[in-house]
Each structure stands twice: as C-alpha cells, then as structure tokens.
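> curious how this folds, go ahead:
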Amino acid sequence: QVQLVESGGGLVQAGGSLRLSCAASGLTFTIIGWGWFRQAPGKEREFVAASNFNGGHTDYADSVKGRFTLSVDLAKNTVYLQMSRLTSEDTAIYYCATARRFTREKDQYNSWGQGTQVTVSS
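As a prediction, the model looks like this:
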C-alpha cells in the first residue's frame, strides 16, 4: 500500500502561483502512474494532471494546460504540481493519487492523499 501526504495549499490572489507537493511512502515501487485531481464545493472530483512513474510522460486537463506543470522527484518519491496564472475557477481541494498505470481515469487510482485546500481570491 502507498501512503500519500500533500502540502503546499493555501490562499493566493488571482494571477498568482502556488506549488503543491505530494510525498509517497510505503510500497512506492508499485507506483506506475501519478495523478492530481481536484474537487470544488458541490462538484465531482475531476482530473487535473497525470504522469507516468518518472514524469517522462504527462497529461493535463484542458482547463489547466499551459498553466500547470506536474513533475516527479524519484529520489524523494515526491510529485509536484506547479500552478500559475491561477483563477477563482481553480479554487478546490487538490488530491494526489497513485495508480498501477498511467491514466487520467479516477477509478484507476487506488491510493489517495488527504487533500490540500487551494483558494484563489479575485
């Protein structure tokens, strides 16, 4: 089993930047895919970004493409989500997750972090 702990959320003004981190522990050798998802109040959890185990291949939701960047530090078993040009539409709880494949399908992810709140003020 993989345990995930996110950090880096907070309050930021529109147009600003924020970097989220997600540290993995446990059976990290089973991680094939990393993912970031988010859930805004009253909405379903949605895909944000994904990568293969080393970050060599990435995939982004259209809504964040060009503004968010996912990267992986294998030595630290940590995945990052660099977010820039933030808008109020990005306000949500952000979750990292791991899967045994590189995918954007939420149901394929079997380990989830506790989430970190990102609030963008306009």
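
> what does the helix or strand containing Thr98 rub up against?
Using DSSP states H and E, Thr98 falls within strand 92-99. Here strand 92-99 makes contact (Cβ atoms under 8 Å, 6 or more residues apart in numbering) with 2, 4, 6, 9, 20, 22, 24, 30-40, 43, 45, 48, 79, 81, 106, 108-118. In this view, the C-beta of every residue, glycine as well, is placed from N, C-alpha and C.

> the same query, at a cut-off of 6 Å, please.
Applying Cβ atoms under 6 Å, 6 or more residues apart in numbering, the external contacts of strand 92-99 come out as 2, 4, 6, 20, 22, 31, 33-40, 108-109, 111-113, 115-118.

> avg pLDDT for that strand?
The average pLDDT within strand 92-99 is 98.

> could you do stretch 111-122 as well?
Mean predicted lDDT for stretch 111-122 stands at 97.

> the protein: strands as residue ranges?
Counting by DSSP state E, one finds strands in the chain at the ranges 2-7, 10-13, 18-26, 33-39, 46-52, 58-60, 68-73, 78-83, 92-99, 109-112, 116-121.

> tell me the confidence at Thr28?
In this model, Thr28 carries a pLDDT of 88.

> show me what the nearest residue to Tyr109 once chain neighbours are set aside bridges to in the sheet.
The shortest distance from Tyr109 to any residue other than its chain neighbours is 3.8 Å, reached at Ala97 (Cβ to Cβ, 6 or more residues apart in numbering). Taking DSSP bridges, one finds Gly35, Trp112 as the beta-bridge partners of Ala97.
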